[in-house]
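Peer 1: what's the 3D shape of this:
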Amino acid sequence: MVVARLYGSVPAKLANKEIDWDTDTIKVALCTSSYTPSQDTHDYFNDITNEVTGTGYTAGGATLTGKTVNYTAGTNTTAFDAADVTWATSTITARYAIVYVDTAGASTTDPLIAYIDFEADVSSTAGPFALTWDAAGVFTATVA
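Peer 2: Next comes the predicted model:
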């Protein structure tokens, strides 16, 4: 899987403490190919359209577990990682995975972090839909 593409407002949201990878409830939701990501204008979960529906999938997606943040000196890279996610017995078709903070409030207060484009529809039929993060992490940030 490819590393996630960050939504454009993420650096400001990290700096303003609107996103805390370690302590916030971070979720991943799945969307169909009818969703069109916009790094420039999408900033909260209310901007997300066409979330998948189907057996074994709950609206809002799954909560990420095992979240870590690691800095690598020499490359000046910070990796934000989490355990892989599987919807064990599902019948769904998705094109995008959306990573966001679930504030337990309205979707207008749930900051978007990143999205992954699978580059084609991916389906499961009465079986596992597995989301395997890139070996580098869910996403990375490098200071040049």
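Peer 1: show me where the protein has its strands.
Peer 2: Counting by DSSP state E, the chain has strands at residues 5-6, 26-31, 62-63, 68-72, 77-81, 85-101, 112-131, 139-142.
Peer 1: elements contacting the longest one?
Peer 2: When you say that, I think you mean strand 112-131. Packed against strand 112-131 by the contact rule (3 or more C-beta pairs under 8 Å, 6 or more residues apart in numbering; DSSP states H and E) you find strand 5-6, helix 10-15, strand 26-31, strand 85-101. Any C-beta I mention is one placed from the backbone N, CA and C, and that applies to glycine too.
Peer 1: between these, which gets nearest to Asp47?
Peer 2: When the helices and strands packed on strand 112-131 are compared by C-beta to C-beta, strand 85-101 sits nearest Asp47, at 9.7 Å.
Peer 1: show me what Phe139 is bridged to.
Peer 2: Applying DSSP bridges to Phe139 gives these bridge partners: Phe80.
Peer 1: would you agree Ala130 is in contact with Thr86?
Peer 2: Yes - judged on C-beta atoms under 8 Å, Ala130 makes contact with Thr86 at a distance of 4.6 Å.
Peer 1: the spatially most central residue of the chain bridge partners, please.
Peer 2: Central residue of the chain (C-alpha atoms, centre = their mean): Val99, 1.8 Å from the mean position. As for beta bridges, Val99 partners with Val28, Ala114 under DSSP bridges.
Peer 1: counting neighbours, what do you get for Thr55?
Peer 2: 12 (other C-beta atoms under 10 Å).
Peer 1: show me what contacts it?
Peer 2: Residues near Thr55 by C-beta atoms under 8 Å, 6 or more residues apart in numbering: Thr89, Ser90, Thr91, Ile92, Ala126.
Peer 1: which residues touch the third one?
Peer 2: Yep, that's Thr91 we're talking about. Thr91 neighbours (C-beta under 8 Å, 6+ apart): Gly54, Thr55, Gly56, Ser124, Thr125, Ala126.
Peer 1: one step back: of the contacts of Thr55, closest to Thr63?
Peer 2: Ranked by distance to Thr63 (C-beta to C-beta), the contacts of Thr55 are led by Ser90 at 16.0 Å.
Peer 1: so which of the helices and strands packed on strand 112-131 is the most surrounded?
Peer 2: Most buried of the helices and strands packed on strand 112-131, by mean neighbour count (mean count of other C-beta atoms under 10 Å): strand 26-31, with a mean of 22.
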